[in-house]
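my questions are about this predicted structure, shown below with the sequence.
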Amino acid sequence: MVCTLLSACGGESAKLLPTPVETNQALILQHQSIWNANKLNNYSFIYASAPRCDTADPFPAVTITVKNGQAVSATFPILKEVKADTPGAVATTISGPNGSNTIYHVFELHETSGFRVTIADVFKTMLEQNQKQNLTNIRFQETLGSPLAFEILGPGKCDTFVVSISKPEPL
């Protein structure tokens, strides 16, 4: 029965459509080639990821700096409560049943040594996840070839992550 269906579609000369894994791999390799041709060794970009889940918050966006092809820093902002007279402090008033309360805060950048990745590392992760059939919704920045967004599928709803990457900026 299958041979008959194939014969009706053109027999031996009929071409099979590529699988999603093959299509993704071709796109990843094509854009990786564009990225490599641009020879950006010194750049920064923002890496953000969030679980596709209503009960979990996104991770803080991390600004990564790459020099000579190596990730040398990865920072993310945190909100720190400070005194009202602290330079740069921003006031936030919270109203509740017992009245209102004003707090003052500043954003501080914190270094994380556990998350120093390069765009080359991101391509590697994408290729690995694609081979496991865990990669979907991939998008690229056409001029530089860098990834813009993709999803890594997990076994449960809260195990699926949406990753977004800002356009790398040369240093």
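Arrived safely, thanks for sending. Quantities reported herein were computed from a predicted structural model and do not represent experimental measurements.

now stretch 145-159 - C-alpha only, PDB.
Extracted in PDB, the C-alpha atoms of stretch 145-159 (Å, rounded to 0.1, in the frame of the first residue of the first chain):
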ATOM      1  CA  GLY A 145      23.500  35.400  11.900                       C
ATOM      2  CA  SER A 146      23.100  35.300  15.700                       C
ATOM      3  CA  PRO A 147      20.100  33.600  17.300                       C
ATOM      4  CA  LEU A 148      17.300  35.900  18.500                       C
ATOM      5  CA  ALA A 149      14.900  33.400  20.100                       C
ATOM      6  CA  PHE A 150      14.200  29.700  20.500                       C
ATOM      7  CA  GLU A 151      12.300  27.300  22.800                       C
ATOM      8  CA  ILE A 152      13.900  24.300  24.500                       C
ATOM      9  CA  LEU A 153      11.100  21.800  25.100                       C
ATOM     10  CA  GLY A 154      11.000  19.900  28.400                       C
ATOM     11  CA  PRO A 155       9.000  16.900  29.600                       C
ATOM     12  CA  GLY A 156       6.500  19.200  31.500                       C
ATOM     13  CA  LYS A 157       5.000  22.600  31.000                       C
ATOM     14  CA  CYS A 158       7.300  24.300  33.400                       C
ATOM     15  CA  ASP A 159      10.300  22.500  31.900                       C
END
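
any buried residues in that stretch, and which?
For stretch 145-159, a neighbour-count test (16 or more other Cβ atoms under 10 Å) marks 145-148, 150-152 as buried. For every residue, glycine as well, the C-beta is placed using N, CA and C.

again, but for stretch 94-108
104-105.

going forward can the numbers begin at 2, since that is how I track them
Right, with 2 as the first residue, what we last looked at is stretch 95-109.

alpha carbons of it, as PDB, please.
Written as PDB, here are the backbone C-alpha positions of stretch 95-109 (Å, rounded to 0.1, in the frame of the first residue of the first chain):
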ATOM      1  CA  ILE A  95       3.000  50.700  48.400                       C
ATOM      2  CA  SER A  96      -0.600  51.200  49.600                       C
ATOM      3  CA  GLY A  97      -2.400  48.700  51.700                       C
ATOM      4  CA  PRO A  98      -5.200  48.300  54.300                       C
ATOM      5  CA  ASN A  99      -2.900  49.800  57.000                       C
ATOM      6  CA  GLY A 100      -2.000  52.900  55.000                       C
ATOM      7  CA  SER A 101       0.900  53.400  52.600                       C
ATOM      8  CA  ASN A 102       4.600  52.700  52.900                       C
ATOM      9  CA  THR A 103       7.400  54.300  50.900                       C
ATOM     10  CA  ILE A 104      10.600  52.300  50.200                       C
ATOM     11  CA  TYR A 105      13.700  53.400  48.300                       C
ATOM     12  CA  HIS A 106      15.800  51.300  46.100                       C
ATOM     13  CA  VAL A 107      18.600  51.300  43.500                       C
ATOM     14  CA  PHE A 108      19.500  48.800  40.800                       C
ATOM     15  CA  GLU A 109      22.900  47.100  41.300                       C
END
